[in-house]
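> prediction below, plus the sequence it came from.
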Amino acid sequence: MNQNWLVTIFFFALLLLLLYLAVLIVSPFLKAITWAAILAVMVYPAYAWLLKLLRGKATLAALLVTLLITFLVLFPAFRMAGFLSQETIALAKVVRTLADGAEVEMAKDKPWVKDLLKLWDQLSLQFASFGIDLKKVGIQGAQVASGFVVSQAKEIAQDVFIFGVNFVISLFTFFFLLRDGKELCFKLRALLPMDQKHQELLFDNIVSSLYAVIHGCLVTALVQGLLAGIGYWLVGVPFALLLGVATAFTALFPIGGSALVWLPAALYLYLQGTYVQGTILLLWGVGVVGMIDNVLKPLFIGSRLRLPTLFLFFGILGGLSLFGALGLILGPVLLALLAALLDLYLKEYAKA
C-alpha cells in the first residue's frame, strides 16, 4: 500500500514538473499559438469542405488554406505599406516646401495637399496675430520629431522583426492545427475527468463562444464603418468610402475604436470653417457610431453566450487588462466557459 502511494506521488510530481517546464518552453509563443488556434477554429468549416473536395488529402487542404490566409493578410499589408510610404514621402515634401516658403507644384494633383496648404495659410495668419511664427515652430517641431523617430528606429525595427516572427509561428501552428487539430481535440477531451457527453458539451461551448465573440465583433465593426461612411458622405468629408472602411477596421481596436477616424474627420471640418457639418459629424460619431457598439455587442455576443451585459462588459475590460488585445476574445470566452461549468455543477454535482 505504501509503495503504491509512493509510486503515485512520484508520478504526479514528475507530471507536474514536466508540465511546468513545458509551459516555460512555450510561454514566449503563447500569444502566437492562441491566435493560430482561434483562427483555426474559425476557418475549420472551410477546411473541412476543402478536405472533402480533395478526398481526404489533409496536408494539401491545410496547405492551401494556410497559403490563402497568408495571401489575404500579406497582400493588403504590402499594398497599405506602399500607399502609406508614398503618402508619407509626399507629406514630408509638402511640409519641407511649406517651411521653405516655396510653391507646391509637385503635389497639386492631391486634394488633401490643397486642403493642407489652405489650412496652413489660415493658421499662419491667425498665429501671426499673436506674434507666433508658425514656420519657425513647424521647423523646430519637425526637428524634434525626426530626432525622436531616429532614436526609436532600433526599437521599431525590433518590433517589426518580432511581429514577423510571431506571424510565421502563427502560420506554422495554424497549418498543423488544421491538419491534426481534430485528433488533438479528441486526445485533450480524453484527458478530462468527465463522461463523453460532458466532454463534448464543454468543447462545443468553447467553439460556440469563439464564434459568438468574433462574429459579434466583426458585425459590429462593419455596422460602425457603414454608419460612419454614411455620415462622412452626408457632411461632405472627402474620401468617405475609404474613411468608412478605415473606421470599420479601427472599430476592432480595443482602445480608441472608431473614434480614431471620425474624430479627426470632425476636427478637419472645424478647421475648414464648416462648423455645422463638423458638429453634425461629431454628434453622429458620439451618439450613433460610438453608441451602436454598446448595443450590438451585447446583442450579438451576450445573447449567444447567455451572459448578462454586466458580465460581458467586465469580461471584455478585464480580458483587455490581463491579455491585451487577445483579451477582447478570451475574456468573454473564459466567462462563458465558467458559466457552462457552473451550470454543469448545478445539474450534476450540487444535488449529490
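In hand now; what should we look at? Given the structure is predicted, the values throughout are model-derived calculations rather than measurements.
> okay, residue 185: pLDDT?
In the predicted model, residue 185 carries a pLDDT score of 80.
> helix or strand: which one has residue 344?
helix 327-344 (DSSP states H and E).
> list the buried residues for that helix?
Within helix 327-344, the residues scored as buried using 16 or more other Cβ atoms under 10 Å are 327-336, 339-340, 344. From N, CA and C alone the C-beta is placed, and that goes for glycine too.
> which of these lies closest to residue 47?
residue 329 (19.8 Å; Cβ to Cβ).
> the closest one and residue 14, how far apart?
With distances taken as Cβ to Cβ, to the nearest Å, residue 329 is found 34 Å from residue 14.
> where do the helices of the chain begin and end?
2-26, 30-53, 58-100, 111-128, 134-151, 153-191, 196-235, 240-250, 259-271, 275-284, 292-297, 303-305, 309-323, 327-344 (DSSP state H).
> least reliable of the ones you listed going by mean pLDDT?
Of all those, helix 134-151 carries the lowest average pLDDT, namely a mean of 57.
> what's the nearest residue to residue 309 if we skip its chain neighbours?
residue 298 (4.6 Å; Cβ to Cβ, 6 or more residues apart in numbering).
> based on its surroundings, how many neighbours for residue 192?
12 (other Cβ atoms under 10 Å).
> now do it against residue 34, distance only.
20 Å.
> try residue 11
From residue 11 to residue 34 the distance is 29 Å (Cβ to Cβ).
> ditto for residue 214
Counting by Cβ to Cβ, the gap from residue 214 to residue 34 is 13 Å.
> follow-up on the earlier one: farthest pair in the buried residues of helix 327-344?
328 and 344 (26.0 Å).
> and which of the buried residues of helix 327-344 is nearest residue 168?
Nearest to residue 168 out of these is residue 329 (Cβ to Cβ; 21.5 Å).
> how about that closest one: what's its closest non-neighbour residue?
Residue 329's closest residue in space is residue 213 (Cβ to Cβ, 6+ apart), at 5.1 Å.
> pull the number of nearby residues for that neighbour.
Neighbours of residue 213 (other Cβ under 10 Å): 27.
> can you check residue 302 too?
21.
> distance check, the nearest residue to it once chain neighbours are set aside against residue 335.
Take residue 302 and drop its neighbours on the chain: the residue closest to it by Cβ to Cβ, 6+ apart is residue 312, 4.5 Å away. Here the criterion is Cβ to Cβ. By it, residue 312 lies 8 Å from residue 335.
> any common contacting residues for these two?
Contact with both residue 312 and residue 335 is made by residues residue 305, according to Cβ atoms under 8 Å, 6 or more residues apart in numbering.
> residue 11 and residue 34: who's more crowded?
The neighbour comparison of residue 11 against residue 34 (other Cβ under 10 Å) goes to residue 34, with 16 against 10.
> residues in contact with that one?
Contact analysis of residue 34 by Cβ under 8 Å, 6+ apart lists 326, 330.
> and for the one 3 residues further on?
Applying Cβ under 8 Å, 6+ apart, one finds that residue 37 lies in contact with 173, 177.
> state the distance from it to residue 245.
28 Å.
> with residue 171 instead?
Where residue 245 is concerned, residue 171 sits at a distance of 25 Å (Cβ to Cβ).
> residues near the closest residue to residue 270 other than its chain neighbours, how many?
Nearest residue to residue 270, sequence neighbours excluded (Cβ to Cβ, 6+ apart): residue 278, at 4.2 Å. Residue 278: 20 surrounding residues under other Cβ under 10 Å.
> residues contacting residue 278?
Counting by Cβ under 8 Å, 6+ apart, residue 278 makes contact with 235, 266, 267, 268, 269, 270, 272.
> what do you get for residue 243?
For residue 243, the contact set (Cβ under 8 Å, 6+ apart) comprises 228, 229, 232, 237, 261, 262, 265.
> distance of the closest residue in space to residue 65 that isn't next to it in sequence from residue 322?
Of all residues not flanking residue 65 in the chain, residue 47 sits nearest, at 5.1 Å (Cβ to Cβ, 6+ apart). Distance, residue 47 to residue 322, using Cβ to Cβ: 30 Å.
> more neighbours: the two, which one.
Using other Cβ under 10 Å, the more surrounded residue of residue 47 and residue 322 is residue 47, with 21 against 12.
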